[in-house]
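Participant: Predicted model, plus sequence, below.
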Amino acid sequence: MQDPAMALYVIIIIIIVQQLEGNLVAPLVLGNRLHMHPLTIILVLIVAAPLFGFIGMVIAVPLYAVTKIVLKDLYKMYQKHT
C-alpha cells in the first residue's frame, strides 16, 4: 500500500466491522444460544466491565445464564410445594 488515504480507509473499515461484530452480532448469537435477550447480554457486560475488568466480562454472561437457570428451577420447585 503506497497511498496513505487508502491505508486510513482500510483501518476505518476494520474498526467499523469489529465494532459491529462485538456490539451487535456477538450478543445476538450468544442470546440465541443461551435464550437470553441481546440487550441483557450487553447490560451484563456493561456492568461487569467496570466492576471486575476483563475477567469479569469473560465470566459475566455464563455466570448470569447459570444463575438465571438455577433461580428459575428453584422457583419451579417452590411453586410445586405450595
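Facilitator: Received, thanks.
Participant: got the buried residues for the host helix or strand of V10?
Facilitator: Counting by DSSP states H and E, the element that carries V10 is helix 4-20. By 16 or more other C-beta atoms under 10 Å, helix 4-20 has no buried positions at all. Yep, even glycine has a C-beta here, placed from its N, CA and C like the rest.
Participant: next one: the helix or strand bottoming out on mean pLDDT in the chain to chain centre, how far?
Facilitator: The helix or strand of the chain with the poorest confidence is helix 26-34; it has a mean of 73 (mean pLDDT, DSSP states H and E). Offset of helix 26-34 from its chain centre (C-alpha atoms, centre = their mean, to the nearest Å): 8 Å.
Participant: Just the angle for it relative to helix 4-20, thanks.
Facilitator: 30 degrees (axes from the mean of the first three to the mean of the last three C-alpha atoms, to 10 degrees).
Participant: Tell me the buried residues in helix 26-34?
Facilitator: 26-27, 30-31, 34.
Participant: Also stretch 32-43?
Facilitator: 34, 36, 38, 40-42.
Participant: okay, how far is it across it, tip to tip?
Facilitator: For stretch 32-43, the first and last residues are 16 Å from each other (C-alpha to C-alpha, to the nearest Å).
Participant: How far does it sit from its chain's centre?
Facilitator: 7 Å.
Participant: Can you name the residues that contact the closest residue to I42 other than its chain neighbours?
Facilitator: Spatially, and ignoring its direct neighbours in sequence, I42 is nearest to P27 (5.4 Å; C-beta to C-beta, 6 or more residues apart in numbering). Listed by C-beta atoms under 8 Å, 6 or more residues apart in numbering, the contact partners of P27 are 38-39, 41-42.
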